[in-house]
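Participant: predicted model, plus sequence, below.
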Amino acid sequence: MAGKEIQRRDLFERLGSVKKQSQWLRAAEILGFRITHGGKHPYVVRDPDNPNNGDYTCSVTTIPSNLHTTINQKIFRQVFNSTISERMGITEDDIWKALNLYD
C-alpha cells in the first residue's frame, strides 16, 4: 500500500503487541474519530464530520476482533494514510501516543 513513509519503523514492528480490539477503539476515540458497530465488520472507524454511515467515503478502517501483527500494521497504514486523518491534522506520533506505544 503506497502512502506516507512511516518514520518510527521500530514501533511499526511492535504493533503485534496490540492484542485487543479495545486498544484500537480507544485510540480511534482519542484521535477524534467516530466509531460505529454493525455490518460485516465488528467496528468501523469513520469521519467524525460525516454522520452518513452509508457513505463509504467516510470510512477510515475496520477493527476486527482477531488482531495480529499484519492486521495491526494494515490498520495503522489505513489510519495514517487516510485523507480524513490528514484533514484532522493527525500525525504519526499522535497514533503512537493513542496506542500507548510512543517511547
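Facilitator: Nice, I can see it. Please read these numbers as outputs of a predicted model, since none were measured by experiment.

Participant: tell me which element residue 62 falls in.
Facilitator: Per DSSP states H and E: residue 62 is located in strand 59-63.

Participant: same deal with residue 54?
Facilitator: Taking DSSP H and E as the definition, one finds residue 54 inside no helix or strand.

Participant: and the pLDDT at the residue nearest the centre of the chain?
Facilitator: Compute the mean C-alpha point of the chain, and by Cα atoms, centre = their mean the closest residue is residue 79, 4.1 Å away. According to the prediction, residue 79 has pLDDT 97.

Participant: again, but for residue 41
Facilitator: Looking at residue 41, its pLDDT is 64.

Participant: same thing with the one 5 residues further on?
Facilitator: Predicted confidence (pLDDT) at residue 46: the value is 96.

Participant: surely it is in contact with residue 61?
Facilitator: No - judged on Cβ atoms under 8 Å, residue 46 makes no contact with residue 61 at a distance of 9.3 Å. Heads up, the C-betas are built off the backbone N, CA and C, glycines and all.

Participant: sec struct for the residue nearest to the centre of the chain, please.
Facilitator: helix (DSSP: H, G, I helix; E, B strand; the rest coil).

Participant: low pLDDT regions in the chain?
Facilitator: 1-2, 39-41, 103 (pLDDT under 70).
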